[in-house]
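A.B. asks: Pasting the sequence and the predicted coordinates here, then a few questions.
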Amino acid sequence: MIDTFDLLVKTNFPSIKRTDLETLQVNLGYLCNQQCLHCHVDASPRRKEIMTAETVADVLRFIEHRKIKTLDLTGGAPEMNPQFFSLVSQARNMGVHVIDRCNLTVLLEPGFEDTAAFLADNKVEVVASMPCYLEENVDAQRGKGVFHQSIEGLRLLNKHGYGIADDLQLNLVYNPQGIDLPPSQDVLEPAYKKELKQRFDIEFNHLYTITNMPIKRFGSTLVSKGLFEEYMQLLKTSYSNDNLPGVMCRTTLSVDWQGYIFDCDFNQMLGLPAGHSQEKTHIIDVIDSELKGDDIAIMDHCYGCTAGFGSSCGGALI
Ligand code: SF4
Ligand code: SF4
């Protein structure tokens, strides 16, 4: 895989600072039952890096001490970390809103059959990847057979009340197939709702459109196809200053599987420590730190968050 870090270091992206910390986004590891083309984590069934019980305890200590409102769990497939279930239960007992970034197919894997019921019992918000409502596009991006398994995963979640009951939020994530920016979220969401309802009788709450980042597997694909410069030009010429106040790194802290902090999940994958520091910092070492007003580590990939309608883990920004 071609590393795009050196191509992104030199930047004229505006400097940005942290505001109040609201969300802790925790990567529980790189193990995943899938191996998608656009994956910025480079996750796969072969990855061994997963968060230990000791680091999970550090995360819970930080959440309690800092009164974090939202715990956003990602991976890999976060459910494949054996600590997932206890972390979710303990965070929910503290009254924390928990988000599971679920790839849907994991819900059908042997040994994970009870996961959908567990998520529903704990009122966990599910955010699920569904890059298209057409089989050929999903399978091309996420692997053969993934579309039908994803539909089965969505049916299972609907069966447990997701996308139907008010307190069981099911939100889907769209990302472009190639080197385009996502279309308007407000236009695409009704089209998704209509197609998924008519074809498969599936219900969901919201569609989040997310821009592909020129890093890791997607970045490498861009370089090997000679499209990296063209894609960066697109991100830069589509820059919108209106998106800058809403970039997620201002209110979110990202934690890797070893407990080190980063300004966002993308910076984590680039190995770019929080606040431009030279060394990585452990979450326990900032448990009493202010963080508000700290510089955010930026590089050229940040244009992926501000291009077009903007992009974040919660979808478009404007
Ligand atoms: S994009 Fe998600 S489902 Fe696909 S390999 Fe990466 S972590 Fe797994
Ligand atoms: S890539 Fe990360 S650091 Fe850069 S603007 Fe987006 S969220 Fe912030």
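C.D. replies: Happy to help now that I have it. Ligands and ions are numbered 1, 2, ... in the order given.
A.B. asks: so where does residue 76 fall, helix or strand?
C.D. replies: Here residue 76, judged by DSSP states H and E, is contained in no helix and no strand.
A.B. asks: any idea how far ligand 1 is from it?
C.D. replies: 5 Å (CB to the nearest ligand atom, to the nearest Å). Quick note: C-beta positions are derived from backbone N, CA and C, even for glycine.
A.B. asks: for residue 194, same thing?
C.D. replies: Residue 194 sits at a distance of 25 Å from ligand 1 (criterion: CB to the nearest ligand atom).
A.B. asks: Helix or strand for that residue, just tell me which one.
C.D. replies: According to DSSP H and E, residue 194 maps onto helix 185-200.
A.B. asks: Provide a list of residues in contact with the closest residue to residue 261 other than its chain neighbours.
C.D. replies: Distances taken as CB to CB, 6 or more residues apart in numbering place residue 274 nearest to residue 261, at 4.8 Å, with adjacent residues excluded. By CB atoms under 8 Å, 6 or more residues apart in numbering, residue 274 lies in contact with 253, 261, 262, 263, 267, 281, 294, 296, 297.
A.B. asks: now do residue 276
C.D. replies: Contacts for residue 276 (CB under 8 Å, 6+ apart) come out as 295, 297.
A.B. asks: Neighbours of residue 184, how many?
C.D. replies: 12 (other CB atoms under 10 Å).
A.B. asks: again with the one 4 residues further on
C.D. replies: Each residue near residue 188 was counted by other CB under 10 Å, and the total is 17.
A.B. asks: Kindly report the same for residue 10.
C.D. replies: 8.
A.B. asks: Quick check: which element contains it?
C.D. replies: Secondary structure from DSSP H and E places residue 10 outside every helix and strand.
A.B. asks: For it, which non-adjacent residue is spatially closest?
C.D. replies: residue 300 (7.1 Å).
A.B. asks: And the residue nearest to residue 261, how far from residue 298?
C.D. replies: Using CB to CB, to the nearest Å, one obtains 12 Å as the distance from residue 274 to residue 298.
A.B. asks: try residue 46
C.D. replies: Plainly put, residue 46 is 32 Å away from residue 298 if you go by CB to CB.
A.B. asks: same question, residue 160
C.D. replies: On the measure of CB to CB, residue 160 and residue 298 end up 40 Å apart.
A.B. asks: Repeat that for residue 42.
C.D. replies: Distance from residue 42 to residue 298, by CB to CB: 22 Å.
A.B. asks: what's near enough to touch residue 34?
C.D. replies: By CB under 8 Å, 6+ apart, residue 34 lies in contact with 43, 44, 45, 77, 103, 105, 142, 143, 146.
A.B. asks: in stretch 98-115, what counts as buried?
C.D. replies: 98-108, 112, 115 (16 or more other CB atoms under 10 Å).
A.B. asks: pLDDT of that stretch, averaged?
C.D. replies: Average pLDDT, stretch 98-115: 96.
A.B. asks: count of neighbours near the closest residue to residue 32 other than its chain neighbours?
C.D. replies: In space, and not counting its chain neighbours, residue 32 is closest to residue 43: 3.7 Å by CB to CB, 6+ apart. Using other CB under 10 Å, residue 43 has 26 neighbouring residues.
A.B. asks: Thanks a lot, see you next time.
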